[in-house]
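Asker: got a predicted structure here, sequence first:
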Amino acid sequence: MLLAALASEPAIAQMPVLRGVTGVQVEYKEPINPAHRPIYERLKNRRVLEQFREFMSPLKLQRSLNVSLSGCNGIINAVHQSGRITYCYELVANMQRQIAETNQAIERMKVDLRTAEEAAKKR
């Protein structure tokens, strides 16, 4: 009876387990560009890389994975090479700009929509 009940239950999704060593090491490198200092402080204070490490913790990696935030000499990029992932401050800054521009465009569209609605009511 218990077996029948278990058989009728949907399978529980499990994280894959890769046999091996270590885990994820994180590092916030001091930005060279002073404009990146607020990004560095905000991400470090919010413990973004530590959250990523926790997210990855169920995996048993074959070798350690080093994840860092670093300046990339003005290049908007993220790099994965030889067990190291580097997220560039320039990439984060670019994403922030794109989000701000998108939010501004949405606000302009809302204004345009309200203007069109008001004009339609006057007809």
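Answerer: That came through fine.
Asker: does residue 74 touch residue 90 like I think?
Answerer: Yes: assessed by Cβ atoms under 8 Å, residue 74 is found in contact with residue 90 at 6.2 Å. (Each C-beta comes from the backbone N, C-alpha and C, glycine too.)
Asker: tell me where the chain has helices.
Answerer: Secondary structure of the chain by DSSP state H: the helices cover 2-8, 37-45, 48-56, 89-122.
Asker: got CSV for these, with mean neighbour count and mean pLDDT too?
Answerer: Listed next are these as CSV, based on neighbours: other Cβ atoms under 10 Å; pLDDT from 0 to 100:
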stretch, mean neighbour count, mean pLDDT
helix 2-8, 7, 35
helix 37-45, 14, 97
helix 48-56, 14, 93
helix 89-122, 11, 89
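Asker: any chance of JSON lines for those helices, columns distance to residue 66?
Answerer: Listed next are the helices of the chain as JSON lines, based on distance: least, Cβ to Cβ, whole Å:
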{"stretch": "helix 2-8", "distance to residue 66": "41"}
{"stretch": "helix 37-45", "distance to residue 66": "16"}
{"stretch": "helix 48-56", "distance to residue 66": "10"}
{"stretch": "helix 89-122", "distance to residue 66": "17"}
